[in-house]
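Undergrad: Okay, sequence plus prediction incoming.
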Amino acid sequence: MSRKERAHILIIYTGGTIGMIQNAETGALESFNFDHLLNHVPELKQLSIDIDTITFDPPIDSSDMEPGMWSRIVTTIEKSYDQYDGYVILHGTDTMSFTASALSFMLEDLMKPVILTGSQLPIGALRTDGKENLITAIEIAAAKKADGTPVVPEVCVFFHEKLMRGNRTTKINSESFGAFGSNNYPLLAMAGTDIQFYNRNIKKYIPGLKLKAHHEYNSNIVIFSLFPGIQQEVVEKLLSAKELKGIIFRTYGAGNAPQKKWLIDALSKATAEGKIIINITQCAGGSVHMERYGTGLQLQEAGVISGHDSTVEAALTKLMYLLGKDLPVEEVRRRMEISFAGEISV
């Protein structure tokens, strides 16, 4: 295969367990140099793929991931978009779904694969899941159809044999190799002896679209979960915070809340002040249907917006993205109920 025919992939190492090796003398985990990637993962030499790497300096634990770092990733992709066929982002697992969701909005009209992956064990560990995740993520990022177009032109998470739409994922297990789930959207592919792509579930490639990179965000948002015994004074103080612009409101079941006048009054007051409240179910799967019961209908009447079947991660990052554009409140409310990147089913 000629160099021209070989796929060209950029690996962006942000940090995380996958990039760790154990210091033979101290036993401590340390980030290894991805410039020597082939020395640590010699199996990559069997791929007919050209690979370049960029490393965050210094690499960060994913618990320290911030919106400004999402912007760094977007800038890297934007500046190199014509050079590469796809991207693999190596990332710690704790906030991977937040980053995947954010990138799905910040990379508007993306028509190339951006695959996030990581591992539960360091890549230098004997039983590591890192090598398999890395190798398969690279293969997926390089995969093309017979006409030369990418198989998966969207932001995804690949983990433990499963390829998932990035903005549909949530970390579901801190110990299992199957760390991520996509409860409200089917898999995009399964990796076994072969990689089986489920094309009906994958975003369609549209010729001629130009990438539009976005860097604005507003993170004056809070995630607020209901629970039995929640106190009026705490809720009212939270919702009246001056700098607060948006609330991801995690309710019961299909979007229900207790029938307490003070709660509805507090929500109504917040929406009247221009604060945007998005109703997300606390359930692992399923959708919000506020019109189904009186306990949900009261929220709708208070100005609360349905988050449909969105994950918390997708709702949060989408709201941050929209608030960063300084749009009128009603326009943000309207756009929150529109699917931008397959993040909700409407």
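TA: Yep, it's here.
Undergrad: Distance-wise, check R168 relative to V157.
TA: 9 Å (Cβ to Cβ, to the nearest Å). All C-beta spots, glycine's among them, are computed from the backbone N, C-alpha and C.
Undergrad: what's the answer for S306, then?
TA: S306 is 25 Å from V157, where distance means Cβ to Cβ.
Undergrad: Tell me which of these two has more neighbours.
TA: Counting neighbours by other Cβ atoms under 10 Å for S306 and for V157 shows that V157 has the greater number, 31 against 22.
Undergrad: Was I right to think that one contacts S101?
TA: No: using Cβ atoms under 8 Å, V157 and S101 do not qualify as a contacting pair, with a distance of 9.7 Å.
Undergrad: did I read that right, L134 in a strand?
TA: No: according to DSSP: H, G, I helix; E, B strand; the rest coil, the state of L134 is helix, so it is not within a strand.
Undergrad: and it, what does it touch?
TA: The contact partners of L134, taken as Cβ atoms under 8 Å, 6 or more residues apart in numbering, are 18, 41, 44, 88, 90, 117, 119, 123.
Undergrad: Count the residues that sit near the third one.
TA: L44 has 16 neighbouring residues, counting by other Cβ under 10 Å.
Undergrad: Can you classify it by secondary structure?
TA: Secondary structure of L44, reduced to three states by three-state DSSP: helix.
Undergrad: So which of the contacts of L134 are in helices?
TA: Taking DSSP state H, every one of those sits outside helices.
Undergrad: ranking those by neighbours, who comes first?
TA: Neighbour count (other Cβ under 10 Å) singles out T117 as the most crowded of the contacts of L134, with 31 neighbours.
Undergrad: how far does stretch 164-181 stretch from start to finish?
TA: One end of stretch 164-181 to the other measures 8 Å (Cα to Cα, to the nearest Å).
Undergrad: Identify the residues contacting it?
TA: The list of residues contacting stretch 164-181 from outside it, by Cβ under 8 Å, 6+ apart, reads 93-94, 96-97, 100-101, 103-105, 114, 116, 120, 129, 154-160, 162, 182-185, 187-188, 201, 203, 284, 311-314, 317, 341-343.
Undergrad: now swap in stretch 255-262 and tell me
TA: By Cβ under 8 Å, 6+ apart, the residues outside stretch 255-262 that reach it are 226, 230, 232, 235-236, 251, 263, 279, 281, 288-290, 292-296, 298-299, 306.
Undergrad: so Y13 touches L90, yeah?
TA: Yes: here Y13 reaches L90: they are 4.5 Å apart, a contact under Cβ under 8 Å.
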